[in-house]
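1. Turn this into a structure:
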Amino acid sequence: MKRTVRTVCQSSHFECGVIVHTEDGKVTKIEGDPQHPASKGFICVKGRAQPELLYHPDRLKYPLRRSGERGDGKWERISWDEALDGIAEKLTEIKEKYGPESIASIHGTGPRASTMASRLLTFALGSPNEISTDLHICFAPSLVAERCTFGSSIMMEKGPDYLSAKCIAVFGGNPLASHPPRGLDILEAKRKNNTKLIVIDPRRTPLAAKADLWLQIRPGTDLALALGMINIIIEEQLYDKEFVDKWCYGFDKLAQRIKQYPPEKVAEITWLPVEKIREAARIYATTKPAALHHRVAVEHNLNSTQTDRALAILVALTGNIDVKGGNLFTMSKEGYIYTHMLRADKQFRPVPEIEEKRIGSKEFPLIAGSDSIYQFVHAVLAVEAMDKGKPYPLKALYCAGGNPLNMQNCKRVWKVLKENLELHVVADFFMQPVAELADYVLPAAVWLEREECCEMMYMNCIAARQKVIEPLYECWDDMKIAIELVKRIPWADRRFIPWNDLSEYNEWRVKGMGMTFDKLIQKGYIVVPQKYKKYESKGFNTPTGKVELYSTFFEKHGHDPLPTFVEPPESPVSTPELMEDYPLILFTGGRYIGYFHSEGRQIPQLRKLVPDPEIEIHPDTAKTMAIKGGDWVWVETPMIRGERVRFKAKLTNNIHPKMVHVPHGWWFPEKPAPEHGCFDSNINVILSDSGPREEICGSIATRGTLCKIYK
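-> Sure, this is the predicted structure:
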């Protein structure tokens, strides 16, 4: 029997609408849903390849318990009751021996429903230690900066009104690969509205190739460019005087600070022609309305949060806030429980006394303290707690939807996971390297097997992810694992996970709208109509009620209230003495549309697209080193001496002759356990976690450092 199901894909965190075809209970095809208000029928290659994930022969099928030493690959199949009872017993032992704060969870960016489940599980166990592998260089700097400037987030994919914009400026983003529906919106605006497109990127990406103005910036210097543009906009009086006078706080102080960044100085810092800096500032300031988009590339350095602050200031100075075609505050559906509410609601946060015990609360109070804006443990500090027991030891780790080996200095992470934990639990789809070091491995359900509420990250829309088939084998939903585990732990605080099953959880999230979860499935998508200039009646959610060009919140916490540029710690400027041995600038992290971070390498359809990890080198640079396209080359940095990783040379004119680019997230599922080649071409083998770190969110320089390459 054939059947079709309308649901929401989760092969990336864009969450496109899809129609899934089944025959005799088996998924046969996935296609885009033309009724989805954001993706509008689009589906990427990852989405089409999901049946290969669902039915992959290597997929984890049953709970497993380690029967040999960690990493030996010896496992025994057990029941879910045995797994949960064993985990609960060990958690109790660790809590009594070391205290509940010695228990932690870790997650990545998805695509999974695991983030909130593991967070609430950790809090229910009395610990504040929810660790993120990457938030310190992904999203958190933006969230902190925008909350402290506007009171809300409006600059990443969440906010820019591309389709109505007359100008779009893209800093450090490649949405055609990372968030394709939004990237296609940019191209549609350019095609239909003749929208001016400015792209700031060291590489000529497909989007940069279509730009009216492409600025090939030196990695790590985006803040200097933004400050130079602000300088021009103020000096030439191109700012929106009416909006600034009425709705902005601290303009005079900003105008004084910005004199330090004349365009000529900025040109020297960024390696950009001064004429292009002036042109970018003038186009963005005078072409109304304009939308500004940035992504995580601008956060992979010591200027991360202040870069996002400067970009927010650009939006404010030009008056492009909450206007059609500008950067919008999103709308919420009244009565619906959004996941961000679970982060903000006091019921679902530990009391301040426990929050202050969170690792990193003293070092980074705006991300880890009781006054934090987005609460998590900085991954490197968590590794230090596991390794050295400071400020106290972490002894139990629950890992779901995360890959700690995608962190910097990942060989150290491997050693710590293998030797220092007393309990390590991994819930995943495959036996990846981190799972090889676990005590218990739990088989997680993929999105085709789950029912859950979805909110589109980048528009005013909610929907239901409808289960297409029952979970295969003995795979469980992440939230179900958390619910069933806390039931077996008498000392767990059930106020953090008060639901008895998944159905109850889903109904709780929608009941405020006066509907059931089934009704949400029937409705398909609920879109909240956009309203503009909402600040005119409510003001801005900041201490002054205005856009804070000068941040009083930063001032309160001892941070510079105005952005100031800091040179990367290893660069042609700060460490010229290293250039003889390390003559090239390295930047990392570029996306492939077929992979999501480290996911997808074992999916045949996706692996065929990019079978090998490639390093992009300018042909002139390669010629001086006798490197040809297809050659395998070593990469080294001064950060971690004695280590090197290998990549396949891709020669391209799309990169600066003094720069090379390598992707992140590479491992080789086909290689032997337990490592599965996770150190062969993993750029984080040679990137340090020891600092220096950005003072607000703890960001680390993974772009703009120095390297050398050789055959």
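
2. Skipping adjacent residues, who's closest to Leu706 in space?
-> Nearest residue to Leu706 in three dimensions, chain neighbours excluded: Tyr582, at 3.9 Å (Cβ to Cβ, 6 or more residues apart in numbering). Every residue, glycine included, has its C-beta placed from N, CA and C.

3. any idea how far Glu614 is from the one you found?
-> Tyr582 sits 21 Å away from Glu614, going by Cβ to Cβ, to the nearest Å.

4. who's in contact with the lowest-mean-pLDDT helix or strand in the chain?
-> Every helix and strand in the chain was compared by mean pLDDT, DSSP states H and E; the lowest is helix 339-344, with a mean of 78. With Cβ atoms under 8 Å, 6 or more residues apart in numbering as the contact definition, helix 339-344 has outside contacts at 116, 119-120, 348-349, 374-375, 455.

5. ok, now with 6 Å
-> Outside helix 339-344, the residues that touch it by Cβ atoms under 6 Å, 6 or more residues apart in numbering are 116, 348.

6. Please save the CA atoms from the next helix or strand after it in CSV.
-> Tracing the chain C-terminally past helix 339-344 and defining elements by DSSP states H and E, one meets helix 352-355 next. C-alpha atoms of helix 352-355 as CSV (Å, rounded to 0.1, in the frame of the first residue of the first chain):
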residue,chain,number,x,y,z
PRO,A,352,20.8,30.8,41.1
GLU,A,353,22.8,29.0,43.8
ILE,A,354,23.1,26.0,41.5
GLU,A,355,23.6,28.1,38.4
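
7. Can you give me the buried ones in helix 352-355?
-> By neighbour count on 16 or more other Cβ atoms under 10 Å, the buried set for helix 352-355 is 354-355.

8. Follow the chain on from that helix and name the next helix or strand.
-> Assigned by DSSP H and E, the successor of helix 352-355 is helix 365-368.

9. And the helices in the stretch 601-711 of the chain?
-> Ranges of helices in the stretch 601-711 of the chain, per DSSP state H, counting those that start in this stretch, are 604-607, 619-624.

10. Now render those as TSV, adding mean neighbour count.
-> Shown next, in TSV, are the helices of the stretch 601-711 of the chain (neighbours: other Cβ atoms under 10 Å):
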stretch	mean neighbour count
helix 604-607	17
helix 619-624	14
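
11. what's the residue nearest to Leu706 sitting at in phi/psi?
-> When quoted as degrees, to the nearest 10, the phi and psi of Tyr582 stand at phi -130, psi 80.

12. Distance-wise, check it relative to Ile709.
-> 10 Å.

13. more neighbours, those two?
-> Ile709 (23 against 20; other Cβ atoms under 10 Å).

14. The helices of the stretch 601-711 of the chain into TSV, with extra columns for mean pLDDT and distance to Phe150?
-> Formatted as TSV, these follow (pLDDT from 0 to 100; distance: least, Cβ to Cβ, whole Å):
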stretch	mean pLDDT	distance to Phe150
helix 604-607	96	38
helix 619-624	98	42
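
15. so what's the spatially most central residue of the chain closest to, chain neighbours aside?
-> By Cα atoms, centre = their mean, the mean C-alpha position of the chain lies nearest to Cys138, the distance being 4.2 Å. Excluding its sequence neighbours, the residue lying closest to Cys138 (Cβ to Cβ, 6+ apart) is Val296, at 4.6 Å.

16. ok, that neighbour - how many residues close by?
-> Val296: 23 surrounding residues under other Cβ under 10 Å.

17. Look up how far Asn684 lies from it.
-> Here Val296 is placed at a distance of 15 Å from Asn684 (Cβ to Cβ).

18. Put the alpha carbons of the least confident helix or strand of the chain into CSV.
-> Extracted C-alpha coordinates of helix 339-344, given in CSV (Å, rounded to 0.1, in the frame of the first residue of the first chain):
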residue,chain,number,x,y,z
THR,A,339,12.0,25.8,23.1
HIS,A,340,13.6,29.2,23.9
MET,A,341,10.9,29.6,26.6
LEU,A,342,12.2,26.4,28.2
ARG,A,343,15.6,28.2,28.5
ALA,A,344,14.1,31.4,29.9
